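Enquirer: Build me a structure from this.
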Amino acid sequence: MSANSIGKNIVLTSFGESHGPFVGAVLDGFPSGFTIDLNAINRQLQRRRPGQSALTTSRNEADEVQIISGLFEEKTLGTPITFLIPNTDQKPADYNALKDIYRPGHADALWDLKMGHRDYRGGGRSSARITAGWVAAGALAEQYLGKINDKPINICAWVQQIHTIESNIPNNVTRSNVDESPVRCPDLQTSKKMEQAILDAKENGDSLGGIIRCRISGVPAGTGEPVFRKLQAHISQYMLNLNAVKGIYFGIDNRTHERLGSENNDSWKTKDGALGTESNRAGGIVGGMATGEEITFELYFKPTSTIKKAQRTINREGENVILEVEGRHDPCVLPRAVPIVESLAALAIMDLLMDN
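Expert: Residues are numbered from 1 along each chain as shown. Coordinates of the predicted model:
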């Protein structure tokens, strides 16, 4: 058995394999009577889909979602909502050579150890391909968060760093700013350097990692719990389940650990009758609860594990082999991961808000 669901109040269950007929998700616990904007869901899926530029895998999927349950007359029924996304550009034969070989950086060996049987085609369940269903479900959660309160909850993520190329982007950027860049870094001058670095790595059969930054505004003060189910812990649970993520850092930047307490503490204040702080260095979370200010965090991604360079590894018999991988892979996952981060953030926030 493996865990395929996340959430307490609104439960996301993921299904499908990279080269199976479909991938998708079931969202259970979503309130009834909510009008769905299917076009908005598909727009977010287009930001995640493969084959959108030379910076991504050449696998070309349309990724237009079908909703096959939980909906009547474009309104939710309060029953499980099933999102179905066809896999139309499968090339499973590309992976025949990997049937008995364990790829470095991947969990192939551990799947065999744990399950005794695995889908070796593109990683099967371990593939980031399955996150398409997460994005569909999260895009619906975003629609709900935009209408639940007088002040809509807004989520925006962007690429802050690729490899050693850093940018310093203000938190007030919008998705339209982000999407001006194929790398999804709204600092367009730095974006061009990032783009070239990714293309160079691709040409050399290698890969790059980096940092995605995310901003969530409009979360009501007090969201989250002071002991267990802390807001930062809940968000982290979702984010650390995303492929290639190795760490998360909350705050206005990633230098909190270098400051003195006197430099780091946020002084409380009121503004227009609402609670707030003078600097929001804490990134909108204090004591496990939202302060009502912008929540900010960074996610750290490892380089894509699948690369074309020759690598030493072993096969199922424990024999040493040299692996040279063919097939289609992202030389850097970050540009396509931006909408996944936004969707997981929406699901995490909605799950907490439904406590009340």
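Enquirer: secondary structure element for the closest residue to Ser5 other than its chain neighbours?
Expert: In this structure, Ser5 finds its nearest non-sequential neighbour in Thr13, 4.4 Å apart by C-beta to C-beta, 6 or more residues apart in numbering. To be clear about C-beta, it is placed using only N, CA and C from the backbone, and glycine gets the same treatment. Per DSSP states H and E, Thr13 falls inside strand 11-16.
Enquirer: quick one, phi/psi of the residue located most distally from the centre of the chain?
Expert: Most distant residue from the mean C-alpha position of the chain: Glu319, 35.7 Å away (C-alpha atoms, centre = their mean). Per-residue torsions, Glu319: phi -90, psi 140 (degrees, to the nearest 10).
Enquirer: roughly how far apart are it and Arg312?
Expert: 11 Å (C-beta to C-beta, to the nearest Å).
Enquirer: As a check, name the ranges of all helices in this protein.
Expert: 38-48, 108-115, 131-145, 175-178, 188-203, 231-239, 261-264, 334-353 (DSSP state H).
Enquirer: ok, the closest residue in space to Ile212 that isn't next to it in sequence - contacts?
Expert: Sequence neighbours aside, Leu299 is the residue nearest to Ile212 in space, at 4.8 Å (criterion: C-beta to C-beta, 6+ apart). By C-beta atoms under 8 Å, 6 or more residues apart in numbering, the contact list for Leu299 reads 211-214, 239, 242, 245, 247-248, 341.
Enquirer: Let me see the mean pLDDT of the strand holding Thr13.
Expert: Over the span of strand 11-16, the pLDDT mean works out to 96.
Enquirer: Use 269 as the first number for this chain going forward.
Expert: Okay, using 269 as the starting number, the last item reads as strand 279-284.
Enquirer: The residue nearest to Ser337 when sequence neighbours are not counted - how many residues pack around it?
Expert: Nearest residue to Ser337, sequence neighbours excluded (C-beta to C-beta, 6+ apart): Thr350, at 4.3 Å. Thr350: 22 surrounding residues under other C-beta atoms under 10 Å.
Enquirer: does Thr350 really touch Ile335, like I thought?
Expert: Yes. Using C-beta atoms under 8 Å, Thr350 is in contact with Ile335, at 6.8 Å.
Enquirer: Look up the pLDDT of Ala339 for me, please.
Expert: Not Ala; residue 339 is Leu. So Leu339 comes in at 96 (pLDDT).
Enquirer: can you check Gly595 too?
Expert: Reported pLDDT for Gly595: 66.
Enquirer: just Pro420 next, same as before
Expert: Looking at Pro420, its pLDDT is 94.
Enquirer: And it, how close does it get to Ala614?
Expert: 12 Å.
Enquirer: So, low pLDDT: which residues of the stretch 319-468 of the chain?
Expert: 319-320, 326-328, 358-362 (pLDDT under 70).
Enquirer: for it, what spans make up the strands?
Expert: Ranges of strands within the stretch 319-468 of the chain are 334-337, 339-340, 343-344, 349-354, 422-430, 433-434, based on DSSP state E, counting those that start in this stretch.
Enquirer: okay if I get those strands as CSV plus distance to Gly529?
Expert: As requested, the strands of the stretch 319-468 of the chain are exported to CSV (distance: least, C-beta to C-beta, whole Å):
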stretch, distance to Gly529
strand 334-337, 50
strand 339-340, 51
strand 343-344, 47
strand 349-354, 46
strand 422-430, 26
strand 433-434, 27
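Enquirer: Return the most buried member of the ones you listed.
Expert: Burial of these is given as mean neighbour count (mean count of other C-beta atoms under 10 Å); strand 422-430 ranks first at a mean of 24.
Enquirer: partner strands of it, parallel or antiparallel?
Expert: If you go by DSSP bridges, strand 422-430 pairs up with strand 433-434 (antiparallel), strand 478-485 (antiparallel).
Enquirer: Reformat those strands as CSV; add distance to Arg443.
Expert: CSV is the format used below for those (distance: least, C-beta to C-beta, whole Å):
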stretch, distance to Arg443
strand 433-434, 21
strand 478-485, 11
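Enquirer: Of all those strands, which one comes closest to Asp534?
Expert: When the strands paired with strand 422-430 are compared by C-beta to C-beta, strand 478-485 sits nearest Asp534, at 16.8 Å.
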